[in-house]
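Enquirer: Need coordinates for the following:
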Amino acid sequence: MTLMLRIVAVAAIFLGEALSIVAELIASRKFGKAGGDLAMLWPMFLLVSLGGILLVFGYALGYMHLKNIWIIVAISVGAILVVEPILTVLLLTAGSLIGLVLGAFGALAALFL
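Expert: Numbers count the residues shown, from 1 in each chain. Predicted coordinates for the structure are as follows:
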């Protein structure tokens, strides 16, 4: 049973990070096109709130069953490193692909230099 709860915790963290990132990307894109209309931010606020709830749930459940917060933090950072570039390329223009490549080079440089 604990293996299943660990999987649920990791899935909640990944989904929470993904929802938060999607809301950030869509809000930044639409806010620029809408001319600064704050009313369009409410759906994104709700999406980020749901993502935050999933993140807190994933952290709490993961800590209960793994007993090491650093593993949970590493999972969360790993989720950001995997999900954000993919969603940026899918939701934004091809120019973000250049940023993805440069970010990958930067991450490699940080690891090996």
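Enquirer: After the helix or strand residue 17 falls within, heading C-terminal, what element do we hit next?
Expert: Assigned by DSSP states H and E, residue 17 belongs to helix 2-33. As assigned by DSSP H and E, the chain's next helix or strand after helix 2-33 is helix 41-66.
Enquirer: Which elements pack onto that following helix?
Expert: helix 2-33, helix 69-91 (3 or more C-beta pairs under 8 Å, 6 or more residues apart in numbering; DSSP states H and E). All C-beta spots, glycine's among them, are computed from the backbone N, C-alpha and C.
Enquirer: From the chain's centroid, how far away is the longest one?
Expert: When you say that, I think you mean helix 2-33. 5 Å (C-alpha atoms, centre = their mean, to the nearest Å).
Enquirer: what sits against the residue nearest to the spatial centre of the chain?
Expert: When C-alpha atoms, centre = their mean is applied to the chain, the residue found nearest the centroid is residue 17 (2.8 Å). Residue 17 makes contact with 51, 55, 76, 79, 80, 83, 84 under the criterion C-beta atoms under 8 Å, 6 or more residues apart in numbering.
Enquirer: run the last query once more with 7 Å
Expert: 55, 76, 79, 80, 83 (C-beta atoms under 7 Å, 6 or more residues apart in numbering).
Enquirer: Tell me the pLDDT of the last one.
Expert: Here, the pLDDT recorded for residue 83 equals 78.
Enquirer: Grab the nearest non-local neighbour of it.
Expert: In space, and not counting its chain neighbours, residue 83 is closest to residue 18: 4.9 Å by C-beta to C-beta, 6 or more residues apart in numbering.
Enquirer: how near is that neighbour to residue 68?
Expert: 23 Å (C-beta to C-beta, to the nearest Å).
Enquirer: who's more crowded, the two?
Expert: residue 18 (19 against 10; other C-beta atoms under 10 Å).
Enquirer: Can you pull the poorly scored residue ranges out of the chain?
Expert: Per-residue confidence for the chain (pLDDT under 70) gives these ranges: 1, 32-37, 92-96, 99-100, 103, 107, 110-111, 113.
Enquirer: how near is residue 10 to residue 76?
Expert: From residue 10 to residue 76 the distance is 10 Å (C-beta to C-beta).
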